[in-house]
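**Q** please find the sequence and the predicted model below.
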Amino acid sequence: MSDRLTRRGMLAFGAAAGLSATTLAGSAHAQTTTPAPKFLPLPLAAKPRPVPPEGYILDRIGDAMYAVTAGGNQTPFVVTRTGVVLIDAPPSLATVLPAAIRRVTDKPVTHVIYSHSHADHIAGAAAFGNVFRIAHEEAARTIRIARDPNRPMPTVTFRDRYRLNVGGQHFELSYPGTNHEAGNIIIHVPQQRAAVMMDVVIPGWAPFLNWGTADSVPGILTAHDELAKLPIETFVGGHIHRLGTLRDIKDSRDFTYDLWHTTQRVVAETRITDAFAQVEPGHQWGAFKLYYQAIADRVEPEIIQRWGDKLAGVDIWTRDNATTIAVSLLLDAPRNVQ
């Protein structure tokens, strides 16, 4: 591929991510002078799909549900007899999402379900006006503190479960407890045999860095458990290139439990006193850095050996995520993960 085409591709992707052309131009120049890092090749199931001229992929789910994917982000909507129920409104899809909705219906968006409070998923909600918005009470608390006009306060909140009925379609909202974020919910659309949960399962991929600053790593495991129980055919995870299935949920669950248990075993076998012996007396931070490095040094090659050809990105964040789990084992010990 020519340098010119590489630069054009970076600019297109960066525009979707909200990065400036100046910043990306500098990155493109750096790429031509610095050898690219070597990562494991993407498994077939994780490779990007061709993007149509419209600039986005529109997938149909069941007879009334659709998902829009562009620039590594995705969000779904359901067309009912009386209007459109939108699940999240990512600002990165601000242009393509309304266009995709207009392709399949002339009905207005009447409801927006917030999956959680993070801006990359809901900071495009204000553009849909004064619609009915639903969120978990923890998400609402975070939104209230943020005072972001692009993330309007929900109309109604719930604590454990909420059933929404709109124009003959039913939505079962449930909260498995703190996970990726306090207030991150599961949205089950039974008539479409589909479920949505953002930032927990990324079909075909290992988890992102620290599960996107997860509020609770044990909660990530619980969320996987709850998703795996649902009678669905299609899963929407919010990012990367494609939709998922129950198989993807199971693979992500197996990976996350394997990473947890492997880190747990290595933590039990690693003596922190060895790290303290290598630093100046009283240098707590230095000793803990060496301790967690020693844990990651052992966990990473095991996980890559077992999963490197099954999920994309296993070689990218496993060290960081093993460290996150090691810290969680210290702080979240009361949660008995089987």
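**A** Ah, there it is. In this text the structure is predicted, and so the values were computed from the model without any measurement.
**Q** surely Asn150 meets Ala123?
**A** Yes - counting by Cβ atoms under 8 Å, Asn150 does reach Ala123; the two are 4.2 Å apart. The way it works is simple: take the backbone N, C-alpha and C, and place the C-beta from them, glycine included.
**Q** what do those two both touch?
**A** Common neighbours of Asn150 and Ala123, using Cβ atoms under 8 Å, 6 or more residues apart in numbering, are Pro91.
**Q** so the two - more neighbours on which side?
**A** Ala123 (21 against 15; other Cβ atoms under 10 Å).
**Q** would you mind measuring from that one to Tyr114?
**A** As judged by Cβ to Cβ, to the nearest Å, Ala123 and Tyr114 stand 11 Å apart.
**Q** same question for Ile240.
**A** On the measure of Cβ to Cβ, Ile240 and Tyr114 end up 21 Å apart.
**Q** who has more neighbours, the two?
**A** Neighbours per residue, other Cβ under 10 Å: of Ile240 and Tyr114, the larger number sits with Tyr114, 31 against 19.
**Q** list the contacts of the more buried one.
**A** 88, 121-122, 125, 133-136, 139, 143, 154.
**Q** also Ala228?
**A** 246, 249-250, 253.
**Q** which of those are buried, as a ChimeraX select command?
**A** Applying 16 or more other Cβ atoms under 10 Å to these, the buried members can be selected in ChimeraX as follows:
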select :246,249,253
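**Q** now the contacts of Ala228 in TSV, with distance to Ala287 and pLDDT?
**A** Shown next, in TSV, are these (distance: Cβ to Cβ, whole Å; pLDDT from 0 to 100):
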residue	distance to Ala287	pLDDT
Leu246	44	97
Ile249	39	98
Lys250	39	98
Arg253	34	98
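**Q** which of the contacts of Ala228 fall in helices?
**A** 246, 249-250, 253 (DSSP state H).
**Q** redo those residues as TSV? Include distance to Thr105.
**A** TSV is the format used below for the ones in helices among the contacts of Ala228 (distance: Cβ to Cβ, whole Å):
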residue	distance to Thr105
Leu246	28
Ile249	29
Lys250	33
Arg253	35
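**Q** closest one of those residues to Val51?
**A** Distances from Val51 to the ones in helices among the contacts of Ala228, taken as Cβ to Cβ, are shortest for Ile249 (25.3 Å).
**Q** please tell me I have it right and the closest one contacts Ala223.
**A** No - Ile249 lies out of contact with Ala223 (Cβ under 8 Å); the separation is 10.0 Å.
**Q** which residues touch the residue nearest to Met198 when sequence neighbours are not counted?
**A** In space, and not counting its chain neighbours, Met198 is closest to Gly238: 3.7 Å by Cβ to Cβ, 6 or more residues apart in numbering. Listed by Cβ under 8 Å, 6+ apart, the contact set of Gly238 reads 73-75, 88, 115, 121, 196-199, 202.
**Q** mind doing that once more with 6 Å?
**A** Contacts for Gly238 (Cβ atoms under 6 Å, 6 or more residues apart in numbering) come out as 74, 198-199.
**Q** looking at those residues, which has the most residues close by?
**A** Met198 (29 neighbours).
**Q** where are the low-confidence patches of this structure?
**A** 1-33, 333-338 (pLDDT under 70).
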